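Please find the sequence and the predicted model below.
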Amino acid sequence: MATQRAENMADNTPDQAPNEAAPDAVVVRFAGDSGDGMQLTGGQFTLSTALAGNDLATFPDFPAEIRAPQGTLFGVSAFQINFGSRQINTAGDAPDVLVAMNPAALKVNLSALKPGGLIIADTGEFTKRNLDKAEYEVSPIDDGSLAKFDVLAFDISELTIEAVKEFGLGKKDALRSKNMWTLGLALWMFDRERQPIIDWLNAKFAKKPEIAGANIAALNAGHAYGETAELSGPLKQVAMPPLEQSPGLYRTITGAESVSLGLVAGAQLAEVDMFFGGYPITPASAILHHLVRLKEFGVTTFQAEDEIAAICSAIGASYAGQLGVTSSSGPGIALKTEALGLAIMVELPLVIVNSQRGGPSTGLPTKTEQSDLYQAVYGRNGDAPMPVIAACSPGDAFDVGIEACRIATQYMTPVMLLTDGYIANAAEPWKVPDPASYQPFPAKFLDGLPEGEEFLPYKRDEKGARPWVKPGTPDLMHRVGGIEKNATTGNIDYAPDNHQRMTELRRDKVLNIDVPDQQVDTGETEGELAVVGWGSTYGPIRQAVNRWRDKGRAVSHIHVRHIWPLPANLGELLQGFTHVLVPEMNTGQFKTVLRDQLLVDADSLTKTSGQPFQIAELEAEIGKYFDNVPDNEGGKVPANKQQLPSTEA
Amino acid sequence: MNELTKIETTLKDWETDQEVRWCPGCGDYAILKAVQRTLPQLGCDPKNTVFVSGIGCSSRFPYYIESYGFHTIHGRAPAVATGVKLANPELDVWMVTGDGDGLSIGGNHLMHVLRRNVNMQIMLFNNEIYGLTKGQYSPTSRVDTRSPSTPLGSVDSPANPCAFALGSGARFVARGIDVSKNLPDVLKAAHAHQGAAFIEIFQNCIVYNKDVFDDFAKPKGADQQQLWLTHGEPMLFGSEKTGGIRGLKLNPVSFALEVVDVPDGDAEAAGVLVHDATNKTLAHMLVELPFGEFPMPLGVVYDNPGPTYEAAVHEEKARASKGKEASLAKLLAKGQTWTVSGTAQDPV
């Protein structure tokens, strides 16, 4: 997993056929109608996989519509999991196994499947009507078009109805257990325990025992089908030994959970209560949902009337002495922008979490992108400097949450924390950290002055931070506001020299934040190529870089957490490489920042399809920097800045 | 809000060292003085008092009050004030806004702070014009207002601040006039009310909308044009000297209020309604009375307290936290976990 950053991991080449020998990693994609419970199936399979000791990464991919019309192509919901007995950094490129609950799910996901991959299809759903909706003239199961795959097609719908008969459910309700039947089969295929899922079903449906019973019966039936069916075909059990992981306590965690916990931990380390102002927006709402359940940790949550009120209430809470936090996604961040300027101007601590999604405007609400970097770094009126940090994986979001709280409270500044839809929704095993291992950074409240000393609300400490004073403190009454203020008294001051000075003070405070030096994630500190990433591209970059390193190429992976200000040594570090390649899920935003700040001739590799990078895509691009590799002898393909997916194909 | 220890202050204690920068003769001066005079009478403590404002002439107010103060951004004072109050319910929060700040750009936030019933005093200075941006018409400007942005006269209907507040669910609605000697009493009633207390203060912008309220605000003839409401008292106005005592009566056929003469001041005989500040239907009728045909109702129109938002939030928080240990270590290890020791995997 990403946070562990182990070296010399084994590699799994992408063109390896599935099920030949015992693979060390497998990618399974569950795909069905958005009402078929695919996310639930995937989530439970993830849990059982984690319990079996495999490393894993997941990628939920679902439509923006809650219930798109049944059976349609745009209503397909999918959940991909990559797991294995080696370290897993990404949700995997091409699935080895595709579970297609209807024709639309097959059609949408087929192109992703590996040649020779296994398709498990529910023939009960391959009706004329559903084939029409998926725009198939004849059933692909029958017309030979799936010849390059292994196909296992049987009537899962009928088998499910049969399995749950004793519970006396109507057909519609009985079919709701189809996902559990499928999960049972998948559990058998990969030799996973059913008990944790049975326990979960019993707990979830404690008040509806017949529903719990039906689901368990379906789960068992699917499992038994794998075990007893006399199949000579492709379905066979795959044993996946556990990964050697560092000892400790583990759980699975999504980015939304992890960032929430990180913020709670950060507020505790700062020794302040947290106030969270939020407004529902995909994919950021999950943070509000998590924090609302943590009241005993001193967390107050407030669902505001809009994004603006969400951030303004958080600023008000910070003024009153709590740590204000707000979260949103791109369009909501746009609405909060004026208030961000206010927080910068009044110099109060504030954490803003942006779970980025495809843009602009409403864009792709449920798909991932990294295209709000300019917005985070540059997107405000006036010279409005603000620290920006980015999480690179679900687990990493915990540490980044703490770091955001540290910077905000130590420097009296708003901090933008970037995650994205992929990190927010994806799950990975997480080694539970010991809270005592984090250094506390108690916030300092000014509560009085030596006799005779004048109170100056904008007098700065050695870090450039002004004092934090809680209303209620005697003798320190003062006024703050968005109007330019005197550099010490904080009173309104439009004087030319004063504004010049305040602009510089605000800039320097942020530029002088103690950002840790940049480390190299994989590889040496110098070489032919540095692949520089930020955010959720961590996994695929790491894997792709490792593939070339295993072939002896001088390529290193550098992953930047502190986007603004950049680590002080980054420029010097990049000087050690002949080339710098910056893959990102936008049109080259971090590349621009690097060029601007470091005068480095960074190449850009971009992808804006709403899907994460595939390892193979990155691998191919990295290969172009080396002139004596297959297909690039003599450097015939120029290393370039092309956009993915290629528009030339 | 809990009962705070009353402390002794004087008007001077509430003045800052800042030069007040409103236009000479602006109604804001009178309001500032009324507030600074009232705060000591209420026993308010500068260290526990927070003034929060938005943007506009009125929103400069916090700079002139020696307490904690936050001059925020246009229209957003209700949201900032809500955050202040939720973070520390012990603070005595006063919000200052104007007709543009509170009803145009910030109308949404004003609606929600009122319906949530966050315990604070909300003073909306209504001068029916945008002053700070040099005189454009505002959401409360009357139809046909000539302004730089409406040289031929405005055509849109104005908003009625008190009707807006009532419609938003406000449980305290009052009206005052900048120079009126009654303003401190209105402020005191607002402060005594537990919950969001909305006060519309007619404020004279002497530069861009001079004397627009003179029909009822100018001292001469005021007693025939102003109806000062008192809970439990008949709704009377005028005097024998100025042309007779009159009052408001309910017409049972039209279900509307009407003006009746009150011979000899005998309100009961004339059937004059007694003001009931807890009657929301009456409040709606009063704030909608067309001026001219009727006097301008002033003072406390509606005062009917209910549970406050911040109290409910903190009660729920206390209830949900009761008996729960805030252990971060346990929180992090919550849910389905497993232990890795060497290569063996054991579900916990």
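Structure received. Since the structure is predicted, the reported quantities are computational estimates derived from the model, not experimental observations. Numbers count the residues shown, from 1 in each chain, chains lettered A, B, ... in the order given.

Run through the residues of the stretch 201-348 of chain B sitting next to chain A.
The stretch 201-348 of chain B has residues B:313, B:316-317, B:320-321, B:324-326, B:328-329, B:331-343, B:345, B:347-348 near chain A, with proximity defined as CB under 8 Å from any CB of the partner chain. The C-beta positions use only the backbone N, C-alpha and C, and glycine is treated the same way.

Going through these, which ones are buried?
Buried residues within these, counting neighbours by 16 or more other CB atoms under 10 Å in any protein chain shown: B:313, B:317, B:321, B:328, B:331, B:332, B:333, B:336, B:337, B:338, B:340, B:345.

Report all helices and strands that the helix or strand encompassing the second one contacts.
Residue B:317 belongs to helix B:309-321 when assigned by DSSP states H and E. Secondary-structure packing of helix B:309-321 (3 or more CB pairs under 8 Å, 6 or more residues apart in numbering or on different chains; DSSP states H and E): strand A:299-303, helix B:77-87.

how about the ones you listed, which one is nearest residue B:45?
Put simply, out of the helices and strands packed on helix B:309-321 the one that sits nearest residue B:45 is helix B:77-87, at 15.7 Å, with distance taken as CB to CB.

Next, count neighbours for residue 179.
Defaulting to chain A. A total of 27 residues lie near residue A:179 under the criterion other CB atoms under 10 Å in any protein chain shown.

that's the other chain; I wanted chain B
Using other CB under 10 Å, residue B:179 has 18 neighbouring residues.

For residue B:225, which non-adjacent residue is spatially closest?
Setting aside the residues directly before and after it, residue B:225 is nearest to residue B:216 in space (CB to CB, 6 or more residues apart in numbering or on different chains), at 4.0 Å.

Assess the claim that that neighbour and residue B:224 are in contact.
No: look at residue B:216 against residue B:224 with CB atoms under 8 Å: they stay out of range, at 9.1 Å.

Next, the contact list for the residue of the stretch 151-300 of chain B found nearest chain A, please.
Residue nearest to chain A within the stretch 151-300 of chain B: residue B:168 (11.3 Å; CB to the nearest CB). For residue B:168, the contacting residues are B:110, B:111, B:112, B:114, B:115, taking CB atoms under 8 Å, 6 or more residues apart in numbering or on different chains as the criterion.

so which of the residues you listed are also by chain A?
If you filter the contacts of residue B:168 for contact with chain A, counting by CB under 8 Å from any CB, you are left with B:111, B:112.

Would you mind listing what in the stretch 51-200 of chain B touches chain A?
If contact is defined as CB under 8 Å from any CB, the residues of the stretch 51-200 of chain B in contact with chain A are B:52, B:55, B:62-63, B:66-73, B:76, B:78-88, B:90-91, B:108-109, B:111-112.

Using neighbour counts, trim those residues to the buried set.
Among those, those classed as buried by neighbour count (16+ other CB under 10 Å) are B:52, B:55, B:62-63, B:66-73, B:76, B:78-88, B:91, B:108-109, B:111-112.

after the host helix or strand of residue A:81 comes which helix or strand?
Taking DSSP H and E as the criterion, residue A:81 maps to strand A:76-84. Sequence-wise, the next helix or strand downstream of strand A:76-84 (DSSP H and E) is strand A:97-100.

strand partners of that following strand, parallel vs antiparallel please.
Applying DSSP bridges, strand A:97-100 is found paired with strand A:25-33 (parallel), strand A:118-122 (parallel).

returning to what we had before: what is in contact with residue B:216 and residue B:224 at once?
In the contact map built from CB under 8 Å, 6+ apart, the residues linked to both residue B:216 and residue B:224 are residue B:295.

returning to that earlier point: please produce TSV containing the contacts of residue B:168, extended by pLDDT.
Supplementary listing: the contacts of residue B:168 in TSV, determined by pLDDT from 0 to 100:
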residue	pLDDT
B:110	98
B:111	98
B:112	98
B:114	98
B:115	98
